[in-house]
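Participant: missing the sequence, but the structure's below:
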């Protein structure tokens with residue numbers, strides 16, 4: 001009567017709080033999701049949640065099925081992992097690089113969880129590497145690269161993790177703080193604070209400023225997000241960061257944030273892996289864990305679109 005897909009759908013509905021976002025999470029249209037829920041309610045002979053509530057308010061029947069999902073789905077995942085391990089014949093190596101200064105917020109919980117469940121896989125995140133990570137991946141010096149800048153390389157697959165919006169962080173007293181969005185031209189008189197990477201790899205340039213042929217008055221770099229926030233809060237510049245990286249500073253009312261353009265600037269974060277290791281059970285489990293962990297700990301992100309999946 002009850003299928004695993006039903007339980008996964010209910011979990012997505014609880015985690016996102018809306019039918020629209022739940023449909024995106026499980027890769028269904030909103031119509032298909034509604035049909036699936038109505039079918040489940042028909043089987044249960046009871047409504048599972050109250051319509052037109054946000055966040056979604058579950059009925060007693062819905063809460064009972066959610067409790068079942070919390071109990072059953074982790075066991076299913078464990079069984080799948082055990083079966084994959086039994087079928088495997090080789091130990092794995094997972095050496096990774098991160099082209100994302102603010103990714104440790106979700107990557108470290110992913111690595112910790114993965115290490116507990118795949119102790120036979122050697123995990124390392126080399127620091128201070130002096131090479132371009134993606135070509136190093138193709139040369140087998142690395143096994144995975146977290147990147148928002150996919151480049152065509154033979155034998156490399158880009159697995160989309162999630163979409164995120166870039167926001168402009170400004171001081172609370174900055175005139176921009178009263179606006180809902182800024183135009184590229186508005187940054188021509190500003191000091192832009194960035195990480196010390198090539199401008200072509202920064203969304204604020206590649207998707208916002210460069211197409212409009214605009215350059216900031218001054219560009220200043222900082223290694224750490226917290227240092228960038230201190231500079232912004234003191235009115236010494238503005239900076240563009242992923243929405244999840246700004247969450248804690250916005251919640252503390254330390255800085256303000258505005259959209260980059262009326263439609264916003266959205267990008268996709270990928271895990272780049274070699275095609276030869278993509279189907280390894282431990283690699284598939286790492287990618288799945290990375291997605292699940294990111295949605296559990298980050299706010300404001302969205303599932304990757306089908307267009308993003310076609311990059312691979």
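Facilitator: Good, I have the coordinates. Keep in mind that what you see is a predicted model, and the values were worked out from it rather than measured.
Participant: break down the stretch 51-200 of the chain into its helices, ranges please.
Facilitator: According to DSSP state H, counting those that start in this stretch, the stretch 51-200 of the chain carries its helices in the segments 60-87, 104-117, 133-138.
Participant: list the buried residues for the shortest one?
Facilitator: In this case it means helix 133-138. By neighbour count with 16 or more other C-beta atoms under 10 Å, helix 133-138 contains the buried residues 133-134, 136-138. All C-beta atoms are positioned from the backbone trio N, CA, C, and that covers glycine.
Participant: sorry, back to before: most tightly packed of the helices of the stretch 51-200 of the chain?
Facilitator: Ranked by mean neighbour count, those are led by helix 133-138 with a mean of 19 (mean count of other C-beta atoms under 10 Å).
Participant: mind checking how far it is from the chain centre?
Facilitator: 21 Å (C-alpha atoms, centre = their mean, to the nearest Å).
Participant: rounded mean pLDDT for it, please.
Facilitator: Throughout helix 133-138, pLDDT has a mean value of 91.
Participant: using JSON lines, lay out the helices of the stretch 51-200 of the chain together with distance to residue 185.
Facilitator: Listed next are these as JSON lines, based on distance: least, C-beta to C-beta, whole Å:
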{"stretch": "helix 60-87", "distance to residue 185": "49"}
{"stretch": "helix 104-117", "distance to residue 185": "32"}
{"stretch": "helix 133-138", "distance to residue 185": "33"}
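Participant: circling back: for the buried residues of helix 133-138, which one is nearest residue 6?
Facilitator: residue 137 (38.2 Å; C-beta to C-beta).
Participant: what does stretch 96-110 contact?
Facilitator: 123-126, 129, 133, 136-137, 142-149, 195, 197, 201, 223-225, 241-242, 244-245, 269, 286, 289-290, 293-294, 297-298 (C-beta atoms under 8 Å, 6 or more residues apart in numbering).
Participant: could you give the average pLDDT over that stretch?
Facilitator: Mean pLDDT, stretch 96-110: 84.
Participant: ditto for stretch 253-264
Facilitator: Mean predicted lDDT for stretch 253-264 stands at 95.
Participant: now that stretch, how far from the centre of its chain.
Facilitator: 18 Å.
Participant: mind listing what's buried along that stretch?
Facilitator: The neighbour-count check on stretch 253-264 (16+ other C-beta under 10 Å) flags 254-261 as buried.
Participant: which single one of those residues is nearest to residue 27?
Facilitator: Looking across the buried residues of stretch 253-264 and measuring by C-beta to C-beta, the closest to residue 27 is residue 259, at 26.2 Å.
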